[in-house]
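*Asks:* Sharing a sequence plus its predicted fold:
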Amino acid sequence: MDWDALRIILALTLPLLGVLGILLARHWPNRREAVTLITASLLLLIVSSLLASVLGGARPTWTLGEIIPGIRVAFHVEPLGMLFATIATLLWPIASLYSIGYMRGNREGHQTRFYVFFALSIWATLGLAFSANLVTLFIFYEILTLSTYPLVTHKGDQAAQQGGRTYLGLLIATSIGLLLPAIVWTWALTGTTDFVPGGILAGTLEGPLLGLLLGLFMFGIGKAALMPLHRWLPAAMVAPTPVSALLHAVAVVKAGVFSILKVILYIFGIETLSGESWAEWLLYVASLTIILASLIALRQDNLKKRLAYSTVSQLAYVTLGAAILAPISAIGAAMHIAAHAFGKITLFFAAGAIYTAAHKTEISQLQGIGWRMPWTMGAFAIGALSMIGVPPAAGFLSKWYLLLGAFETDRILVVMVIILSTLLNAAYFLPILVRAFSPPDPAAPPAHHGEAPRPILIALTATATLTILLFFFHQIPLDLARAMVAD
Amino acid sequence: MITENLPALQVVLPLLGAPLCLLLGRGRGAWLLTTLIAWIGLAISLTLAWLVKDGEVIRYAFGDWPAPWGIELVVDRLSAYVLLMVSLIAALVIPYARRSVEREIPPEQQTLVFTLLLLCLAGLLGMTITGDAFNLFVLLEVSSLSTYALISLGKDRRALTAAYQYLIMGTIGATFFIIGVGLLYMMTGTLNMADLAQRIDPLEHSRTLRTAFAFITVGLALKLAMFPLHLWLPNAYTFAPSVVTAFLAATATKVALYAMIRFIYTVFGGGFSFTAMHLEWLLLPFAAAGVLIASVAAVFQQDVKRLLAYSSVAQIGYMMLGLGMASLTGLTASLLHIFNHAMMKGALFLALGAIIYRIGSSDLDELAGIARQMPLTMAAFVIGGLSLIGVPLTVGFLSKWYLILAAMERGWWPLVVLVLISSLIAVVYIWRVVESAYFRERPSGALVVSEAPISLLAPTWILVLANLYFGIDSSLTTGFGGAAARTLFGAG
């Protein structure tokens, strides 16, 4: 057992130990939260050490076992997975801190259950990020769906049940109904499900059948929220805000687009797809999702709903980056996974802070709130700028690479889509800021709240800072993304 | 001496235990004896499986009368695999039975339950191990008759009509089967399966042989509740005592299916069954219809026991699909699902039985909010349900994997779609139970109950963990199932 494999094992057992610790400490809330924070910090340590190795060129692997002959549960840490795992583990301690402020500030019930399933979700995310083949990916994909379900339905009321139904229904229906047969089909065609640079499907399928398999994968990975299978994401907004922030802006949705990138790069292979006219549709579906979701976001008054549709649109950027089928745009897609993560979690944190401090959920109620909650709305502004793609926020970088890829492959349509969606992003984020920083409505009853509890403030300041830092110090993600296409 | 006679002991022990049980009368004695026999039976099954794991075949001449005149017991990988499944379920259900039976059955009939369970167990194990067609009929009747009696012991008076319904259908099935065996005997003069297989070969075009084939297939199809011959099953499962339902659902139909596979492949031969008789034309459409219709029917049930019963009919459809695909992968899928389905349905019915033990009902509305009072039991139910749906890391996933792969290899895309759709319907009916148990409030005036006692929880959770264990390390199931399928296919 070498040190590399040992670190994978550690990374994949630590969250489970955390679950155990949380359960043991369930009667002492402070100790329980300490367990979460310690687990999250230790995990960050292990993952960073893995990161250093991967940047140094190592590709740690570990095989857990064989489920059925030829089908292994195995892990292989490659640059893209490393990038995704780093983002998730970097944000977990911050989101945990935030959760503590949020769950206590709002006096939510069943907090032990909440932290248990939160840790389980992170565990599933790591397993998914490190998976070496489609079956392992599928296993953790499903665990992620199931372990987030109790978080989505946390409140346990009628609305939560309804939202949970849509959430589980869509995600399970697509994964079992489309993704599973796609995986079995791949297995039947090639006798393997391993992720191999350059793909494994070359020369096995062409024409409409290739397009069909691509469709099964792309829509089967429902977590990527390609339209028309995006409805679960707004439905998931019934969850407490920390869940929406870390899981439905980072872990779960990124697991979707991450899987899409993996499938296109390592199962199909850019070469196989780029000569195939039956695979072009993905470009149009992704473009359409970007534009339509932005248009819908424009019409939402509920802040979390607006953010959710913005996520749908931003996720489609990643899919678009993969669908352009140029290495440089794949880099853009990988960068966008990082950039969007930091920006969007900041936005959700801010939304949760507003809810905790002022109990407001609708954008129309936010008149002048920026003067009462300057830190929160300042962070919100940074997140929003990153979404629009204005430097010095991280969102600028990924758009840059996407545009480069589009120019390189002469896809003017994609260029137009990116420009149009940037305008739309501005159109639905800037009015929120304008409203927040305009003078308070004299007709409304005077508000007496200030900022949200301190843990919340620390968390959202941290993510906003990271959004800016990522712009200036983008070497690590960029190196990983380059290594991904170089492999 | 003991090792040599293990095949006989496997059947004889429960058979002799049954009257002993009756003699022991009231009190714990009967239960203790039954548990002991079930556990010894499991040990024997494990030993037998160990002995034949590399492909040896143990042939045991009963009473030293050599085959083909005497009755022969045959333990190969296939029969050892099914023996293991039946013994495992028995060894878990019977310890569970004591408290559950105390609650559901009047004291004077409790001994009877254990007697009948032992008889039924002897019948099922015997059907599996025997290499003699007539002997199979006898043991089929032993298990069936004890089953009718077991079902009629249900608390609800409707259990009597359910048992009667099953009695009529089951007897027709058994009669069909014995007519078929009689015809075979008329043609060949032998009842030994291996001997039959050899003598049948030259008779392929004989009309009598074809008639025999038809009678045997339909007879067994009735016993294994293949759609549309399943009508006895929902009532029988719903009104039988909880323990009986769990035991039957996990074992009885599968042993009948095992017998059918034996006849199709070992006796008649795959070539005759599928090339000459085109059995797949019969199996596939009915299996497909069964999968779909029974799944949809399950969605609309108000009683969770009946819901699971319809789900069983659909799951049997999966096994028939695998069989009907007449390919190695298909047969493997079918054999895998025999074992896997026993694990999931066993777990589900035991979990449900624990709930019935506490609240005395399996009505969906009565279950409302029960997860708060019985969290461990409901967690077991959820995992069993996930296995039924086919979520990865559970056994259900492996069954689905092989089944879909088999359909794809054949290029039968509609079947792929069918399997997937029915999995999604399973999500719907399992989630109806989950939502009721987790999201609704306890009905007003309902009893406040506590978690099920450990003697109910432990067997349930062992089965739940088996669902996970065999879903992660399937070397036992795919090893035995796959090897058995290859042997059958090679021979057929």
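*Replies:* On my side now, so go ahead.

*Asks:* In three-state terms, label B:T3 for me.
*Replies:* Put simply, B:T3 is coil when judged by DSSP: H, G, I helix; E, B strand; the rest coil.

*Asks:* so what's it up against?
*Replies:* Residues in contact with B:T3 (CB atoms under 8 Å, 6 or more residues apart in numbering or on different chains) are B:T47. No exception for glycine: its C-beta is placed from N, CA and C like everyone else's.

*Asks:* So what does it look like in phi/psi?
*Replies:* Per-residue torsions, B:T3: phi -60, psi -40 (degrees, to the nearest 10).

*Asks:* Can you name the residue of the stretch 351-487 of chain A nearest chain B?
*Replies:* A:T361 (22.6 Å; CB to the nearest CB).

*Asks:* element containing B:V382, please.
*Replies:* helix B:375-389 (DSSP states H and E).

*Asks:* who does that helix touch, helix- and strand-wise?
*Replies:* Judged by 3 or more CB pairs under 8 Å, 6 or more residues apart in numbering or on different chains; DSSP states H and E, helix B:375-389 is in contact with helix B:328-359, helix B:370-373, helix B:395-410, helix B:413-439, helix B:454-472.

*Asks:* Try it again at 7 Å.
*Replies:* The elements that helix B:375-389 packs onto, with contact taken as 3 or more CB pairs under 7 Å, 6 or more residues apart in numbering or on different chains; DSSP states H and E, are helix B:328-359, helix B:395-410, helix B:413-439, helix B:454-472.

*Asks:* Hey, what's the angle from it to helix B:454-472? Just curious.
*Replies:* Orientation of helix B:375-389 against helix B:454-472 (axes from the mean of the first three to the mean of the last three CA atoms, to 10 degrees) gives an angle of 30 degrees.

*Asks:* Just put the helices and strands packed on helix B:375-389 in TSV and tack on mean neighbour count.
*Replies:* Shown next, in TSV, are the helices and strands packed on helix B:375-389 (neighbours: other CB atoms under 10 Å in any protein chain shown):
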stretch	mean neighbour count
helix B:328-359	27
helix B:395-410	25
helix B:413-439	20
helix B:454-472	21
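
*Asks:* What lies in contact with the helix holding B:V382?
*Replies:* With contacts defined as CB atoms under 7 Å, 6 or more residues apart in numbering or on different chains, helix B:375-389 is touched by B:311, B:344, B:347-348, B:351-352, B:354-355, B:370-371, B:394-396, B:423, B:426-427, B:430, B:433-434, B:437, B:451-452, B:457, B:460-461, B:464, B:467.

*Asks:* Quick check, A:G18 in contact with A:T39.
*Replies:* Yes. Counting by CB atoms under 7 Å, A:G18 does reach A:T39; the two are 3.3 Å apart.

*Asks:* Overlap of the contact sets of those two?
*Replies:* Residues touching both A:G18 and A:T39 by CB under 7 Å, 6+ apart: A:A119.

*Asks:* And stretch B:193-204, what's buried?
*Replies:* Neighbour-count burial for stretch B:193-204, counted by 16 or more other CB atoms under 10 Å in any protein chain shown, picks out B:M193, B:A194, B:D195, B:L196, B:A197, B:I200, B:L203.

*Asks:* Alpha carbons of it, as PDB, please.
*Replies:* What follows is stretch B:193-204, C-alpha atoms only, in PDB (Å, rounded to 0.1, in the frame of the first residue of the first chain):
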ATOM      1  CA  MET B 193     -33.800 -36.400 -14.800                       C
ATOM      2  CA  ALA B 194     -30.400 -37.100 -16.100                       C
ATOM      3  CA  ASP B 195     -31.600 -40.300 -17.700                       C
ATOM      4  CA  LEU B 196     -34.700 -38.500 -19.100                       C
ATOM      5  CA  ALA B 197     -32.400 -36.000 -20.700                       C
ATOM      6  CA  GLN B 198     -30.600 -38.600 -22.600                       C
ATOM      7  CA  ARG B 199     -33.700 -40.600 -23.700                       C
ATOM      8  CA  ILE B 200     -35.600 -37.500 -24.800                       C
ATOM      9  CA  ASP B 201     -33.000 -36.400 -27.300                       C
ATOM     10  CA  PRO B 202     -34.100 -38.800 -30.200                       C
ATOM     11  CA  LEU B 203     -37.700 -38.100 -29.500                       C
ATOM     12  CA  GLU B 204     -37.600 -34.400 -30.400                       C
END
